[in-house]
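Asks: I'll drop the sequence and a predicted model, then ask my questions.
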Number of protein chains: 2
Amino acid sequence: MGRNRATLADVARKAGLSKTAASMVLNGREGTRLSAEAHQRVFAAAEELGYRPNLAARSLRTRKTATIAFVSDIVATTRFAGDLIRGALDAARERDHVLLITETQGDATFEQYAIEAVLDRQVDGVIYAAMATRRLTVPPAILGGPVVLLNATSPDSLPSVLPDDERAGRSVANALLELGHRDAIALIGRNRLKEDDPEVSLAARARLRGIQQALNEAEVSLLAECFCTEWLPEHGYAAMRGLLTRPKRPSAIICMNDRLAFGAYQALGEAGLTVPEDISVISFDDDPIAAWLRPGLATTALPHEQMGRRAVELLLDGGVAEPSLVPMPLRRRRSLAPPAG
Amino acid sequence: MGRNRATLADVARKAGLSKTAASMVLNGREGTRLSAEAHQRVFAAAEELGYRPNLAARSLRTRKTATIAFVSDIVATTRFAGDLIRGALDAARERDHVLLITETQGDATFEQYAIEAVLDRQVDGVIYAAMATRRLTVPPAILGGPVVLLNATSPDSLPSVLPDDERAGRSVANALLELGHRDAIALIGRNRLKEDDPEVSLAARARLRGIQQALNEAEVSLLAECFCTEWLPEHGYAAMRGLLTRPKRPSAIICMNDRLAFGAYQALGEAGLTVPEDISVISFDDDPIAAWLRPGLATTALPHEQMGRRAVELLLDGGVAEPSLVPMPLRRRRSLAPPAG
DNA sequence: CTGTTAGCGCTTTCAA
DNA sequence: TTGAAAGCGCTAACAG
């Protein structure tokens, strides 16, 4: 790769100047002034030879690689990883940086390996990303340089980027309250593990807190709360079926994520109920299925692209050692209506 | 980052040997034999100092960076990008390599930039990936070194990795034939643009070819073929509604991808028809929704993880300059049954 | 068997 | 204004 690339020495020779001079011209150094004509000659030579600096060589001197490590637990399983990465890539490109991406698969050995691999390559900083919003402890090895936590926080005080799930919880509840839903709102997706263990999830607790705040302010309480062992369609389906056996039918459902909502839709369809005429549904994440469902599912979007971008900004432009919350926009779709009757 | 790292010189000094000796011991060179005791001293010193070689410095001499560029058009929009990357990451790690990932967003300027960025960093090779299977022309700049096309082919003869869509087409059709479906099979998702322009898609044509081969062999012809301008749920929905207005109802539906099938499910549900008792459905991709649907959607999986892996293998272990087809496994789920009656 | 020397391509004193 | 020389950390010739 990149055989036969012209070197700085080639450019200097062609321009009839020293490497030093060529280097200074090409790097636009202010201090020492070379004649305008020398500038010309250097630029012309570089142009003609198609010169591009060898960044590995440069970094040996400058100790800067213009390369950031993006270390994450899992890139594939979640649909959202791509957006996190894309946002980071965009912001990195704008700053002339590049991303070295590794995946630990939640495995300590792989993690160790991944971290050594990127540190050996002298990256300028590390973005340590979790695919589920949670608290974690960062491997000490990366603390030798700039670190930003993405979709995670840690006991060490470090800059971090998180979605604002609590505010999202309030938006979701308020969206229903504004439509006139009061005492027939049910919640699907309570989960002790997620709510109680910040190392499993921060989202569950924050969303719940937001929902309850908004409801309390309106002096409304939930009609029912369904616990689910996982946030998958089948659990949403089962929960919804359960709700429909109760004497009082809910006028609106809040699901803790879109996959649960998808399951709830299936149960409603089978029961011959229509969204939103019979029951409104709203949830969290803005998974692609939310837009594909009929009717479209109202939800609050995980701002993954923004978050990836923010992480790079904090890393490169500097940022305070505390969580930076990114708003989750409410996507209003047809699954919302005033309560029937 | 990585300040205060011990250097080879530190190790050599501590071991009381020359840098050369230390280098040879640490790299396990066969040629020159140092005393067993010298080995011990070097290893001990390296261990104690937590020595790790500076790969940027090494690459300056060896012209190898143990870094591969993964240049793709779009990482985010498609759900599958993650799997492609994950497969590549795994295979790279097994070979002690790391991935520099960039995204061009299909924009020529970004692409130019991305390619220069990775070449400047002296990558050992480039994986040039497309998110939709298609034919493309690779930017000449990367032809100076090893290149593998991922999910794409090109007029230049280069090693490439593609899913075996044609064989998948045959599996899909055969799965229905085996169940006894004959002259009431309908196809949703024909699309002239995708079928006729290899730079848009190679999958559509190959899938169609496979389907038709299998049907021809069984002397069966399609009951109906629906054209769709895009392969999205809404188009599958519309197509399915159209099919249900015809005099003869199909016994089985082949959808060109899972999103179309999702739309078809919705139309079937609204029409009060049951999958698979009334109509069987099968499709392509194995999008996560395929498993979430009720009943589970039978489909042929895009082997993206395998493909990413294969690309790295071809790049690093060497491979012939021709397409390498990766099989698409059939996922049998509950959406298949013998024709009713 | 071991060590010295010379770069890889670049930036950066420092001297002319 | 310009250039020579040193050196980043490593490996590869080549002598000892």
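Replies: Everything's here; your move.
Asks: contacting residues for the closest residue to DNA strand C within the stretch 151-300 of chain A?
Replies: For the stretch 151-300 of chain A, the residue positioned closest to DNA strand C under Cβ to the nearest atom of the strand is A:P159, at a distance of 26.6 Å. Glycine gets a C-beta too; all of them are placed from N, C-alpha and C. Shown here is A:P159, whose contacts under the criterion Cβ atoms under 8 Å, 6 or more residues apart in numbering or on different chains are A:147-149, A:314-315, A:319-322, A:324.
Asks: which of those has the weakest pLDDT?
Replies: In terms of pLDDT, the lowest of the contacts of A:P159 is A:G319, showing 84.
Asks: SS state for that one?
Replies: Secondary structure assignment for A:G319 (DSSP: H, G, I helix; E, B strand; the rest coil): coil.
Asks: what strands flank the top strand by length along chain A, and is each parallel or antiparallel?
Replies: The longest strand of chain A (DSSP state E) is strand A:125-135. Neighbouring strands of strand A:125-135 in its sheet, by DSSP bridges, are strand A:67-72 (parallel), strand A:147-153 (parallel).
Asks: so which bits of stretch A:146-160 are buried?
Replies: Under the neighbour-count criterion of 16 or more other Cβ atoms under 10 Å in any protein chain shown, stretch A:146-160 has A:146-154, A:158-160 buried.
Asks: and which of the residues you listed is nearest DNA strand D?
Replies: Sorting the buried residues of stretch A:146-160 by how near they are to DNA strand D, with Cβ to the nearest atom of the strand, puts A:P146 at the top with 18.6 Å.
Asks: could you list the buried residues of stretch A:12-23?
Replies: Using 16+ other Cβ under 10 Å as the burial criterion, the residues of stretch A:12-23 that qualify are A:12-15, A:17, A:21-23.
Asks: try stretch A:215-229
Replies: Taking 16+ other Cβ under 10 Å as the basis for neighbour counts, the residues of stretch A:215-229 that come out buried are A:215, A:220, A:222-224, A:226, A:228.
Asks: leaving out sequence neighbours, find the closest residue to the spatially most central residue of chain A.
Replies: Relative to the mean C-alpha position of chain A, the nearest C-alpha, by Cα atoms, centre = their mean, is the one of A:H304, at 3.3 Å. Across the structure, with Cβ to Cβ, 6 or more residues apart in numbering or on different chains as the measure, the residue nearest A:H304 apart from its sequence neighbours is A:D83 (3.6 Å).
Asks: state the number of residues packed around the one you found.
Replies: Neighbour count for A:D83, taken as other Cβ atoms under 10 Å in any protein chain shown: 21.
Asks: please name the residues that touch it.
Replies: Listed by Cβ under 8 Å, 6+ apart, the contact partners of A:D83 are A:302, A:304-305, A:308, B:76.
Asks: would you tell me what the next helix or strand after the strand or helix carrying it is?
Replies: Under the criterion DSSP states H and E, the helix or strand holding A:D83 is helix A:81-94. Past helix A:81-94, heading to the C-terminal end, the next element that is a helix or strand (DSSP H and E) is strand A:98-103.
Asks: after that next one, which helix or strand is next?
Replies: Remark: after strand A:98-103, the chain's next helix or strand is helix A:108-120, criterion DSSP H and E.
Asks: any buried residues in that following helix, and which?
Replies: With burial defined by 16+ other Cβ under 10 Å, the residues of helix A:108-120 counted as buried are A:110-111, A:114-115, A:117-120.
Asks: A:A45: which of those is nearest?
Replies: Comparing the buried residues of helix A:108-120 against A:A45 with Cβ to Cβ places A:D120 closest, at 34.6 Å.
Asks: now do that closest one against B:R52, distance only.
Replies: Going from A:D120 to B:R52 by Cβ to Cβ, to the nearest Å gives 5 Å.
Asks: how many residues are close by A:L84?
Replies: By other Cβ under 10 Å, 30 other residues sit near A:L84.
Asks: returning to that earlier point: need the strands paired with strand A:125-135 in CSV (columns: distance to DNA strand C).
Replies: Rendered in CSV, the data for the strands paired with strand A:125-135 read as follows (distance: least, Cβ to the nearest atom of the strand, whole Å):
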stretch, distance to DNA strand C
strand A:67-72, 15
strand A:147-153, 24
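Asks: is it possible to get CSV of those that adds distance to A:P339?
Replies: CSV is the format used below for the strands paired with strand A:125-135 (distance: least, Cβ to Cβ, whole Å):
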stretch, distance to A:P339
strand A:67-72, 42
strand A:147-153, 36
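Asks: and the residue of the stretch 151-300 of chain A closest to DNA strand C, what's its pLDDT?
Replies: Residue-level confidence at A:P159 comes out at 97, pLDDT.
Asks: equivalent analysis for the one 4 residues further on, please.
Replies: With respect to pLDDT, A:P163 has a value of 97.
Asks: contacting residues around it?
Replies: The neighbours of A:P163, taking Cβ under 8 Å, 6+ apart as the test, are A:133, A:151, A:203, A:302-303, A:307, A:325-326, A:328.
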